[in-house]
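**Student:** Would you be able to build a 3D model of this:
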Amino acid sequence: MFQNRYHLRYFSQKVDFEIKELYWQTALSSFALALVFIFEPIYLYSLGYSMVNILWFYAQVYIYYLLLIGFGAKFSSRWGLKHGIIVSNVFYLIYWIVLFSVKANPFFFYIAPLFFAFQKAWFWPSFNADMALKSQNCQRGREVGVMYSLVEVVFIAGPLVGGFISEFYGFYTLFFAAGLFMVASIYPLMLTKDQFPRHIFSYHNLWKIFRKNWSNFWGYWGYAEDLMVMSIWPIFVFIMTQNLSTVGMISTVAAAIGAFVMLYVGKLTDKSNKSVLLKNFSFFYALTWVFRFLTTNLGSVLFFDSLTKVGKDIVHIPVAAVTFENAGEKNGEHALAFSVFYEMSLSVAKLFVCLSGMAILYYTANVHLLFILVGVFTMFYGLLRTNK
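**Tutor:** All right, here's what the predicted structure looks like:
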């Protein structure tokens, strides 16, 4: 009995049913993403696109995203948050179809980022607002911790399976398998009605949030590291290993290490000062990027990828807890507007790093300088504050 009570302290208790729906949706959709996440930039690299080209691909994504996110928020405010998530999954399927078509026609290299941006614009305002409104303040860290643990669990199996499929059956089969799981992730959201009342997404409210949260605007620039994790770092690992299955295995081992950290960090987030945690965690995570010039062999790749997963996870739980706390402090209109503020802030950061990274790689061809730049921006997470 004592042991059961001990474990309960690390898990959310009396979780809202709609949060459970989000858990299931997150698990299924994350597995779909885990299959292809690290292989998307490798796929483009295998077609002959350089790292500079690939950074331009992601720069296009965030240019479009900044233009479209308001439309995605307005859709969710009118039709409901779950509907926004469901539509975003459809855009993801279209994105993967167009992305695979780049192999046949290079023109699609410039079309795929648009559909990726549509997916983001419809998904993230809805998901963030829903999580902010439904999660409980007293255990928000643990609920976020469970959410991230679910993501970590599926990211243990996903890259290994994705690497095997892409190595032996090709990228077409990989994208098709991911699409099936993305479709399946819609089902949990259909178990209950979308009870989100209609609210008006207002740019006036958005501007007020910007004026009140300048520190948090800069704090979200820490997400520059996320841009590297989804673009250049997988290519760097592939260059070091020259094998898709090995890339998947490395990511799997690293994710397994990170998963053990998640629940404890969620509990710690509920009991500690989130700002202090963010300063300490972000500094540690920044160092894992700065010292990446020491990566010279397979063992060091595994070591730094493991540090990436651990560092990313221990930072993102308090980041998400702070974000959901600030977004959920008022009504649904505020939650949607704050979610848009959050997404716009990190998108500006990622766009800046894309463009800076293109310049660094074009003039120096030194990817380690780019990693150092990302390490500096990672420390910006320490600027995040709750409004209470």
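**Student:** didn't Leu355 look like it was pressed against Tyr58?
**Tutor:** No - at 10.3 Å, Leu355 does not count as touching Tyr58 under the criterion of CB atoms under 8 Å. Bear in mind the C-beta positions are built from the backbone N, C-alpha and C, glycine included.
**Student:** Neighbour count: these two, which is higher?
**Tutor:** Tyr58 (22 against 14; other CB atoms under 10 Å).
**Student:** Name the residues contacting each of Leu355 and Tyr58.
**Tutor:** When contacts are counted by CB atoms under 8 Å, 6 or more residues apart in numbering, Leu355 and Tyr58 have no shared neighbour.
**Student:** Count the neighbours of Arg292 for me.
**Tutor:** By other CB under 10 Å, the residues close to Arg292 number 23.
**Student:** list the contacts for it?
**Tutor:** Phe304, His368, Phe371.
**Student:** Which helix or which strand is home to the last one?
**Tutor:** So the one you mean is Phe371. Using DSSP states H and E, Phe371 falls within helix 367-378.
**Student:** any residues touching that helix, and which ones?
**Tutor:** So helix 367-378 is in contact with 51, 221-222, 224-225, 227-228, 232, 236, 282, 285-290, 292-293, 315, 349, 353, 356-357, 360-361, going by CB under 8 Å, 6+ apart.
**Student:** Select only the buried ones of these in ChimeraX?
**Tutor:** Entered in ChimeraX, the line below selects the buried ones among those, by 16 or more other CB atoms under 10 Å:
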select :51,221,222,224,225,227,228,232,236,282,285,286,288,289,290,292,315,349,353,356,357,360,361
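**Student:** Now the nearest residue to Leu355 once chain neighbours are set aside: which helix or strand?
**Tutor:** Distances taken as CB to CB, 6 or more residues apart in numbering put Ala59 closest to Leu355, at 6.1 Å, once the chain neighbours are dropped. Under the criterion of DSSP H and E, Ala59 resides in helix 51-79.
**Student:** other SSEs contacting that helix?
**Tutor:** Under the contact criterion of 3 or more CB pairs under 8 Å, 6 or more residues apart in numbering; DSSP states H and E, the helices and strands touching helix 51-79 comprise helix 39-46, helix 81-101, helix 112-134, helix 232-241, helix 332-364.
**Student:** Relative to Ser185, which of those helices is closest?
**Tutor:** In terms of CB to CB, the element of the helices and strands packed on helix 51-79 nearest to Ser185 is helix 81-101, at 6.4 Å.
**Student:** distance between that closest one and the chain's centre?
**Tutor:** The chain centre lies 16 Å from the centre of helix 81-101; the measure is CA atoms, centre = their mean, to the nearest Å.
**Student:** Flag every buried residue along that helix.
**Tutor:** So for helix 81-101, counting by 16+ other CB under 10 Å, buried means 81-96, 98-100.
**Student:** Now do the helix holding Ala59 against helix 232-241, angle only.
**Tutor:** Calculated by axes from the mean of the first three to the mean of the last three CA atoms, to 10 degrees, helix 51-79 forms an angle of 140 degrees with helix 232-241.
**Student:** tell me the angle helix 51-79 makes with helix 39-46.
**Tutor:** Comparing the axes of helix 51-79 and helix 39-46 via the same axes, to 10 degrees yields an angle of 140 degrees.
**Student:** Residue numbering should commence at 700 henceforth.
**Tutor:** That works, and once the first residue is 700, the last one we named lands at helix 750-778.
**Student:** Tell me if I'm right that Leu1045 and Phe916 touch.
**Tutor:** No - Leu1045 is not in contact with Phe916 according to CB under 8 Å; the separation is 9.6 Å.
**Student:** How much space separates Ser745 from Trp932?
**Tutor:** Distance, Ser745 to Trp932, using CB to CB, to the nearest Å: 16 Å.
**Student:** Compare the two (neighbour count), which wins?
**Tutor:** Between Ser745 and Trp932, Trp932 has the larger neighbour count (other CB under 10 Å), namely 24 against 15.
**Student:** Spatially, and excluding backbone neighbours, which residue is closest to that one.
**Tutor:** Nearest non-adjacent residue to Trp932, counting by CB to CB, 6+ apart: Thr1007, 7.2 Å away.
**Student:** ditto for Trp723
**Tutor:** Per CB to CB, 6+ apart, closest to Trp723 is Pro887, 3.7 Å.
**Student:** List the residues that contact that neighbour.
**Tutor:** Contacts for Pro887 (CB under 8 Å, 6+ apart) come out as Glu720, Leu721, Trp723, Gln724, Leu727.
**Student:** run the last query once more with 6 Å
**Tutor:** Pro887 sits next to Glu720, Trp723, Gln724 when contact means CB atoms under 6 Å, 6 or more residues apart in numbering.
**Student:** picking up where we left off before, nearest to Val1018, out of the helices and strands packed on helix 750-778?
**Tutor:** Using CB to CB, the nearest of the helices and strands packed on helix 750-778 to Val1018 is helix 1031-1063, at 9.6 Å.
**Student:** shaky segments in the stretch 950-1087 of the chain?
**Tutor:** Segments of the stretch 950-1087 of the chain classed as low confidence (criterion: pLDDT under 70) are 958-973, 1087.
**Student:** Could you measure from the nearest residue to Ser800 once chain neighbours are set aside over to Gly869?
**Tutor:** Excluding the flanking residues, the one nearest Ser800 by CB to CB, 6+ apart is Phe807, at 4.4 Å. Separation of Phe807 from Gly869 (CB to CB): 17 Å.
**Student:** again with Leu849
**Tutor:** Taken as CB to CB, the span from Leu849 to Gly869 is 29 Å.
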